[in-house]
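> generate coordinates for the sequence data below:
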Amino acid sequence: MLESKDYKDRFSDFVEAAAHDLHSPLRKLSVLIDKLLMTREGQIDDRAKEYVGRIEHCIHEMRSLIDGLTALAKAEAGTMNDQCELGAIARETLGMMDEEIKSREALIEIDELPVVCGNLVQYKQLFRNLLENAVKFRRKDTPLKINIAAAVARDAEKKLHHLPAKKKYYRVEVSDNGIGFNQTYAEKIFEPFVRLHPKSRYEGNGLGLSICRKIISAHNGIIYAEGDEKTGSRFILLLPETP
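Predicted coordinates:
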């Protein structure tokens with residue numbers, strides 16, 4: 001049975017309230033650590049400093065996890081009546097990531113993207129997650145390249161993914177030349193908390209692509225991935241002109 005919109009909104013509100021309460025003890029922990037360091041300045045040895053650093057890292061990870069769960073819960077909430085200029089959204093997202101992009105000497109190409117009806121906040125979150133994913137899993141010795149292109153989805157592709165034949169869909173591709181992934185894991189990477197690499201190599205909470213899929217699902221679209229460990233990754237979005 002499909003969940004009602006009212007239930008989804010109430011569940012999102014509950015998670016947001018719970019997240020607020022969970023952040024409170026984390027803030028207190030941060031304050032206590034600062035006070036400890038101030039009152040014991042010069043008395044804490046290197047080993048104790050290492051422990052403090054590990055505690056602070058755990059606090060950071062917990063905050064990231066709470067924020068990720070909040071975003072996941074909210075991914076299906078909200079109205080779908082905004083006019084979303086996907087090209088403008090992609091450029092705005094890159095603007096917010098400007099320092100990250102510059103530091104990687106990245107080459108970004110954004111083709112003409114469509115205007116669709118949907119939830120503006122969710123589409124911004126979608127592009128943020130996909131672009132951050134490309135930056136995170138770049139090749140260390142190769143300048144990063146990201147391309148975003150779009151075209152009207154063909155009837156054969158709509159039929160393949162069981163989409164309404166009479167409804168207009170756009171095919172949007174976000175591709176990069178990063179480390180890619182084994183195609184065996186093309187579905188698994190969209191599951192919550194799934195990580196193909198250890199945290200010691202790549203930070204994150206394992207929720208980014210799950211949020212992307214939930215956003216696309218809320219808009220009655222499709223997202224899937226194609227990966228190659230030599231050439232990089234492609235994320236293909238089939239987005240309806242109107243949800």
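
> quick one: contacts for the residue nearest the centre of the chain?
The centroid of the chain falls nearest to N129 when counting by Cα atoms, centre = their mean (2.5 Å). Contacts for N129 (Cβ atoms under 8 Å, 6 or more residues apart in numbering) come out as 208-209, 211-212. In short, each C-beta sits where N, CA and C put it, glycine included.

> okay, and for the protein, where does confidence drop off?
1-17, 20, 65, 68-69, 72-78, 98-104, 198-205 (pLDDT under 70).

> residue farthest from the centroid of it?
Q43 (41.9 Å).

> dihedrals phi and psi, that one?
With angles defined as degrees, to the nearest 10, Q43 sits at phi -110, psi 0.

> excluding residues flanking it in the chain, which one is nearest D176?
A134 (4.0 Å; Cβ to Cβ, 6 or more residues apart in numbering).

> next, N147: secondary structure please.
strand (DSSP: H, G, I helix; E, B strand; the rest coil).

> tell me which helix or strand the residue lying closest to it once chain neighbours are set aside sits in.
Spatially, and ignoring its direct neighbours in sequence, N147 is nearest to E109 (4.6 Å; Cβ to Cβ, 6+ apart). Following DSSP states H and E, one finds E109 within strand 107-110.

> one step back: from K49, how far out is the residue farthest from the centre of the chain?
According to Cβ to Cβ, to the nearest Å, Q43 stands 11 Å off from K49.

> how about E191, nearest residue that isn't a chain neighbour?
Nearest non-adjacent residue to E191 (Cβ to Cβ, 6+ apart): S210, at 6.5 Å.
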